[in-house]
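Asks: build me a model:
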Amino acid sequence: MFDIQEELKKLPAKPGVYIMHDVHDDIIYVGKAIILKNRVRQYFQSSRNHTPKIRQMVSHVARFEYIITDSELEALVLECNLIKEHRPKYNTMLKDDKTYPYIKVTVGEAFPRIMLVRSMKKDKAKYFGPYTSSQSVRDIIDLSQKIYKIRSCNRSLPKETGNDRPCLYYHMGQCQAPCQGYISQEEYHENVRQMLHFLGGNFEPVIQMLTDKMYAASEKMDFEKAASYRDLLNSVKQIDQKQKITSSEMDDKDVIAFARDKDEAVVQVFFVRHGRLIGREHFYVSGVANDTESQVLTAFVKQYYASS
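Replies: The predicted structure follows:
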């Protein structure tokens, strides 16, 4: 029997996602929290401040579960994944099914491009994200173009080389016009390699460069330029938030872990589909007092996948 008041006492003071179930064990609501203990308790306190929709949802809650995350960012992304997967009755569903942005680099092309996209595909491109701020992604793409001179146009190169004049980005110093043959494929690929290193998390050189330029502009009393460098710095730091709820590898996998106490163990299976964590199940295992951890896990895997 699930005792809601007793389970509320066990909630951790950590970020994560909470999942409400009804008497039929259907998921009726998914939410995120910076501090699970505080957020979930609010649902079961005085209902005077709750909307009618929330009061109705709480009246149908038979049990709840939660998944702890390492950051608020992970909680945001996981909440999005779970809502799309389970479409709970009391969650607000966006008709356009909005997703978080990714940075895409078309490394399969002769002269790769960088762009913002809203979904990952199984193609030859490299993806970074998802991120929670579209503006930060646009800032990072803009910064990448300024530093590494990577194109963002849709020209098919080298097939269309020399067909038209260089675009405005070339004249702004943000592209080296591979469309005109002004840069070799080898040199361009070196710029792409450095940019991928940056997008992969090596932010220190760029942060230092932006910091130096911000202070230099400030000393020259050019506060407008200093503010623009400050905003770029903030975008870089926001992009630097790591998460493992969604993977650009687009894998299907089950992640298994367990905890044991005396003669019993509880095994948790997290389901990752197309690179997204979409749910979990837990199982009780008995008679493990004299087994090693390897034996417990081996026995579970054999029985679980033989029947599922």
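
Asks: what sits against Asp231?
Replies: Asp139 (CB atoms under 8 Å, 6 or more residues apart in numbering). Using the backbone N, CA and C atoms, a C-beta is placed for each residue, glycine as well.

Asks: that one sits in which helix or strand?
Replies: helix 223-239 (DSSP states H and E).

Asks: give me the distance from that helix to the chain's centre.
Replies: 22 Å (CA atoms, centre = their mean, to the nearest Å).

Asks: buried stuff in the very next helix or strand once past it?
Replies: Next in sequence after helix 223-239, counting helices and strands by DSSP H and E, comes strand 253-261. Neighbour counts over strand 253-261 (16 or more other CB atoms under 10 Å) mark Phe258 as buried.

Asks: repeat for stretch 138-149
Replies: For stretch 138-149, by 16+ other CB under 10 Å, it's 139-141, 143-145, 147-149.

Asks: ok, which stretches of this structure are helices?
Replies: Under the criterion DSSP state H, helices of the chain are mapped to 4-9, 36-43, 52-59, 72-86, 134-148, 168-171, 185-199, 204-219, 223-239, 293-307.

Asks: before we move on, the earlier item: just the buried residues of stretch 138-149 now: which is nearest Val288?
Replies: Ile140 (48.5 Å; CB to CB).

Asks: what's the pLDDT at that closest one?
Replies: Here, the pLDDT recorded for Ile140 equals 84.

Asks: ok so, going back, so which of the helices of the chain gets nearest Cys179?
Replies: The nearest among the helices of the chain, by CB to CB, is helix 168-171 at 8.3 Å.

Asks: in TSV: the buried residues of stretch 138-149, plus distance to Gln268.
Replies: Formatted as TSV, the buried residues of stretch 138-149 follow (distance: CB to CB, whole Å):
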residue	distance to Gln268
Asp139	38
Ile140	35
Ile141	38
Leu143	40
Ser144	39
Gln145	44
Ile147	43
Tyr148	42
Lys149	47
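
Asks: quick check, nearest of those to Asp254?
Replies: Using CB to CB, Ile140 comes nearest to Asp254 of the buried residues of stretch 138-149, at 32.9 Å.

Asks: tell me the contacts of the closest one?
Replies: 103, 199, 235-236, 239.

Asks: same check on Gln185?
Replies: 110-111, 158, 178.

Asks: got TSV for the residues you listed, with neighbour count too?
Replies: Listed next are the contacts of Gln185 as TSV, based on neighbours: other CB atoms under 10 Å:
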residue	neighbour count
Ala110	14
Phe111	21
Pro158	14
Pro178	26
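
Asks: which one in the residues you listed is the model shakiest on?
Replies: Comparing the contacts of Gln185 by pLDDT, Pro158 comes last, at 83.

Asks: and it, how far is that from Ala125?
Replies: With distances taken as CB to CB, to the nearest Å, Pro158 is found 19 Å from Ala125.

Asks: now swap in Glu186 and tell me
Replies: 20 Å.

Asks: Glu160 too?
Replies: 20 Å.

Asks: who has more neighbours out of the two?
Replies: Neighbours were tallied for Glu160 and for Ala125 using other CB atoms under 10 Å; the higher tally belongs to Ala125 (19 against 12).

Asks: ok, that one touching Arg113?
Replies: No. With contact defined as CB atoms under 8 Å, Ala125 does not count as touching Arg113 (9.1 Å).
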